[in-house]
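> Predicted model follows, preceded by the sequence.
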Amino acid sequence: MIEINEVSKIFTGRGAPFTALDNVSVTIRENEFFTLLGPSGCGKTTLLRVIAGFIDPTKGTVTLDGQDLVSLPPYKRPVNTVFQSYALFPHMTVAQNIAFGLEMLDKPRAEVKKTVDEMLALVRMTEMADRKTSEISGGQQQRVALARALAPRPKVLLLDEPLSALDFKLRKDMQLELKRLQSETGITFVFVTHDQEEALTMSDRIAVMNAGKIRQIGGPRDIYDHPAERFVADFIGDTNFLDVELLSIAGEQATVRLPSGAEAQVRAPGEGVAPGPVTLAVRPEHASLSGGAGAVLPGTLANVVYFGTDTHYHVDLDGGGRFVLRQQNQPDQAQTRTVGDRVEVTLAPGVGQVLRD
């Protein structure tokens, strides 16, 4: 649906030039929920605005369904945008807000009414059609903004952190609502967020950005379980980093020597690494203290933290460094380990990801 090829954006002003996008290339598929994820200032909103036409790229091309977008003004692009501030008209009703864009496009009155009714049903707001948007809740306003953006049936819907102003529970509900809307409409969604959990919950694919570059693209499970770079592993979720020696590599499979001297079979990026000192990333829930088959890291239990759903075990490894494990709790499970116990961290075969940097 969208082809972004070698796009850069350099802002110039009184100070030194600032590179917001640095030679970014990405393909976004039709009927996909695609998320741009990264910290503040990484370039994700700039890229969204380039697609929308609010910012012209310094270089590069953007096409939508084969059509060049860079030469088109925003109002001629088959895209709509939902911003952080919903920009609803407070003096208008819910139905009038949804109808506004269609009326500006000179759609027939019967078509406008039919589309508004369909959008109200889609976002489950039919009973509030005649309420003013100043008289409804934040979550309901969010739904109206979505309905208004979806009403002209754009090929692509751009969403710039639209859930950031909502409270925690409402944000969770709206995450599921957004995914449902995308699935039911079949419209390509391009979603911007700095919230890792939000991205993992909703996305078909995620592009992790930092310093104007895309560091990794993949499905939520691939991004979480197999981060290719240290930034990705560190930004998404909790991670243990181990200094290991890469002994051999074959495709995406590798053998490493752990600090304890034990050897482990782990995953590696398909390219960008060579035998020698490397960093191994291991998620806290991917290791255990239960023993069994696998490589072993001996150490001393330094802390035990109970979180209700799970317990975190902090282990000071022999030779230096700390490893944190996370194990799910079971009903009436007894706590058998205490601070100061000698323990062994076990890594099952295939657990762990060698990083490029």
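Ah, there it is. The structure displayed is predicted, hence computed values, not measured ones.
> Quote the end-to-end distance of stretch 191-209.
13 Å (C-alpha to C-alpha, to the nearest Å).
> Show me what counts as buried in it.
The neighbour-count check on stretch 191-209 (16 or more other C-beta atoms under 10 Å) flags 191-194, 196, 198-200, 202-209 as buried. Quick note: C-beta positions are derived from backbone N, CA and C, even for glycine.
> May I ask which two of those residues are separated the most?
Taking every pair in the buried residues of stretch 191-209 and measuring C-beta to C-beta, the maximum separation is 19.0 Å, between H194 and D204.
> any idea which of the buried residues of stretch 191-209 is the one closest to L301?
When those are ranked by distance to L301 (C-beta to C-beta), Q196 comes first, at 28.4 Å.
> rewinding a little: take the buried residues of stretch 191-209 and keep only those in strands.
Using DSSP state E, the members of the buried residues of stretch 191-209 that fall within strands are 191-193, 205-209.
> Pipe those residues into CSV and attach pLDDT per row.
Compiled in CSV, those are given as follows (pLDDT from 0 to 100):
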residue, pLDDT
F191, 96
V192, 95
T193, 94
R205, 97
I206, 97
A207, 97
V208, 97
M209, 97
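> so how many other residues sit close to T338?
For T338, the tally of surrounding residues (other C-beta atoms under 10 Å) stands at 8.
> can you give me the helices in this structure?
For the chain, the helices defined by DSSP state H cover 44-52, 94-104, 109-122, 138-150, 168-185, 196-202, 220-225, 230-235.
> and F33, how far is that from C42?
Distance of F33 to C42, computed by C-beta to C-beta, to the nearest Å: 20 Å.
> now swap in A264 and tell me
Remark: distance between A264 and C42 (C-beta to C-beta) = 33 Å.
> Spatially central residue in this structure, please.
A199 (3.0 Å; C-alpha atoms, centre = their mean).
> Check whether that residue really touches G38, as I assumed.
No - contact criterion C-beta atoms under 8 Å: A199 and G38 do not qualify, at 9.6 Å.
> For P154, what are phi and psi?
P154 adopts backbone torsions of phi -70, psi 160, taken as degrees, to the nearest 10.
> which residue sits closest to it, ignoring its sequence neighbours?
Using C-beta to C-beta, 6 or more residues apart in numbering and skipping residues adjacent in sequence, the residue nearest P154 is N80, 4.3 Å away.
> Bridging across strands, which residues link to that neighbour?
According to DSSP bridges, L157 are recorded as the beta-bridge partners of N80.
> pLDDT at it, what is it?
The pLDDT attached to N80 in the predicted structure is 92.
> Could you measure from it over to I187?
Counting by C-beta to C-beta - N80 and I187 are separated by 9 Å.
> Would you confirm that V304 contacts T336?
No - under the criterion of C-beta under 8 Å, V304 is not in contact with T336, lying 10.4 Å apart.
> More neighbours: which of these two?
Looking at V304 and T336 with other C-beta under 10 Å, you find the greater number of neighbours at V304, namely 14 against 7.
> Skip the chain neighbours and tell me the closest residue to S248.
T255 (4.9 Å).
> Could you measure from the one you found over to M209?
Looking at T255 against M209, where the rule is C-beta to C-beta, the gap reads 32 Å.
> ditto for L347
Remark: distance between L347 and M209 (C-beta to C-beta) = 30 Å.
> same deal with Y224?
If you measure Y224 against M209 using C-beta to C-beta, the figure is 16 Å.
> What is the neighbour count of I4?
Taking other C-beta under 10 Å as the definition, I4 ends up with a neighbour count of 23.
> again, but for K213
The criterion is other C-beta under 10 Å. On that basis, K213 has 16 neighbouring residues.
> Contacts only, for it.
22-24, 43 (C-beta atoms under 8 Å, 6 or more residues apart in numbering).
> Show the buried residues in those.
Of all the contacts of K213 considered here, the ones buried according to neighbour count by 16+ other C-beta under 10 Å are 24, 43.
> of the contacts of K213, closest to E3?
Each of the contacts of K213 was checked against E3 using C-beta to C-beta; the closest is V24, at 11.7 Å.
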